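# all I have is the shape, not the residue letters:
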């Protein structure tokens, strides 16, 4: 085979792999609403508002990343833009093979509305309609901002509880964990649980494995990131024993310096230790990778076998807060995908 033919064959295989992983039914459980904005929409709105497009992907530190995120929030200053964003995010999820989507936001930062309650009153029906239109189940996670103080945490949990039967499925905990341990939100988590909501804090990203242990011991349903658990065999054992799912976002971890490269990312080690993981994109616009890109990277750059990625997709569906009938249908679709893949392998 000539070098040109070899390159063409490699490109063909890579394209076929991407198509296959796009079609793989999956739940996307770790994505932040504002940062799932399309780049074309970002550029259009920045032009309309006379603003400079923020840096994408390259951030010298976490503070600069938060600055870029803040601009995305500021762009959503009309209900019409919020509606467009929700429609585009759910449409993009459908195009990426996502069957269940859980996105996080901080409603009190929704500048288009007078209050956090007004923001949810508007957003949740729009989310439900876009979900029906694009065929993707969607649920909202109300995030607690670690830096906003204990009263904010309680108010966010109470707000989420009021909308527990209207599309809010969980409370999260976001922002820099180094100065605000997960245990500080214990009372807010209790409020959420009493309302029947899930608890999905960020932990073990900028903080160490002790934060992952704390989140597990607080009864977190899933942990967003959690990758630094790999530094403590005892925490890995605890995660595997409890079956707590980590919503892992490899590209985010590399861009923000949590992991030096995709090739050295701890996802394979987590899976090898028996830890249940889903794969998410975190902030697709700001990190330059959507959920399909993350699956492709896991396979091609981290060496996760396709069969193991199927189990990751299965875990993502099972660990979501989607209704039982949605999960049942999604798992059936996943089984059909496996049957097709097996047939194609057999015919190769």
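In hand now; what should we look at? Because the structure is a prediction, the values reported are computed rather than measured.
# and the residue lying closest to residue 97 once chain neighbours are set aside, what is it in contact with?
Leaving out its chain neighbours, the residue that sits closest to residue 97 by C-beta to C-beta, 6 or more residues apart in numbering is residue 22, at 5.1 Å. Every residue, glycine included, has its C-beta placed from N, CA and C. For residue 22, the contact set (C-beta atoms under 8 Å, 6 or more residues apart in numbering) comprises 95-97, 292.
# three-state assignment of residue 22?
helix (DSSP: H, G, I helix; E, B strand; the rest coil).
# show me what contacts residue 64?
If you count contacts by C-beta under 8 Å, 6+ apart, then residue 64 has residue 55 around it.
# looking at it, residue 206 is touching residue 258, isn't it?
Yes - at 7.2 Å, residue 206 and residue 258 qualify as touching, with contact defined as C-beta atoms under 8 Å.
# quick one: end-to-end length of stretch 287-305, please.
24 Å (C-alpha to C-alpha, to the nearest Å).
# report the distance from it to the chain centre.
14 Å (C-alpha atoms, centre = their mean, to the nearest Å).
# what about stretch 123-142, how long is it end to end?
12 Å.
# okay, now the unreliable bits of the stretch 1-150 of the chain?
1-12, 14 (pLDDT under 70).
# how about 80 then?
1-14 (pLDDT under 80).
# what about the strands in it?
26-32, 98-105, 137-145 (DSSP state E, counting those that start in this stretch).
# next, the angle strand 98-105 makes with the last one.
Going back to what we said before, that points to strand 137-145. If you take axes from the mean of the first three to the mean of the last three C-alpha atoms, to 10 degrees, strand 137-145 sits at 20 degrees to strand 98-105.
# start at 35, not 1
Renumbered: residue one is now 35, and that last one reads strand 171-179.
# direction included, what does strand 171-179 pair against?
strand 132-139 (parallel), strand 202-208 (parallel) (DSSP bridges).
# may I see those strands organised as a markdown table, with distance to residue 215 added?
Shown next, in a markdown table, are those (distance: least, C-beta to C-beta, whole Å):
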| stretch | distance to residue 215 |
| --- | --- |
| strand 132-139 | 19 |
| strand 202-208 | 10 |
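# select, out of these, the one closest to residue 333.
For residue 333, the closest of the strands paired with strand 171-179 is strand 132-139, at 17.4 Å, according to C-beta to C-beta.
# before we move on, back to that, most tightly packed of the strands of the stretch 35-184 of the chain?
strand 60-66 (a mean of 29; mean count of other C-beta atoms under 10 Å).
# residues in contact with that one: which ones?
Contacts of strand 60-66 (C-beta under 8 Å, 6+ apart): 103, 123, 127, 130-139, 177, 208, 234, 256, 258-259, 279, 281-283, 312-318, 325, 329, 346-347, 350-351, 353-354, 356, 364.
# between the two ends of stretch 253-262, how far is it?
Stretch 253-262 has an end-to-end distance of 18 Å (C-alpha to C-alpha).
# for it, buried residues please.
254-262 (16 or more other C-beta atoms under 10 Å).
# for that stretch, what is the average pLDDT?
For stretch 253-262, mean pLDDT rounds to 98.
# also stretch 272-286?
98.
# and the contacts of residue 56, which of them are buried?
Buried by 16+ other C-beta under 10 Å: 130-131, 326, out of these.
# quick check: angle from the helix or strand residue 246 falls within to strand 202-208?
Using DSSP states H and E, the element containing residue 246 is helix 243-251. If you take the same axes, to 10 degrees, helix 243-251 sits at 160 degrees to strand 202-208.
# quick check: residue 187 touching residue 176?
No - counting by C-beta under 8 Å, residue 187 stays clear of residue 176, with 10.8 Å between them.
# so where's the stretch 185-334 of the chain uncertain?
Using pLDDT under 80, nothing in the stretch 185-334 of the chain is flagged.
# ranges for the helices of it?
Per DSSP state H, counting those that start in this stretch, the stretch 185-334 of the chain carries helices over the ranges 220-228, 243-251, 267-276, 284-289, 301-306, 318-321, 325-334.
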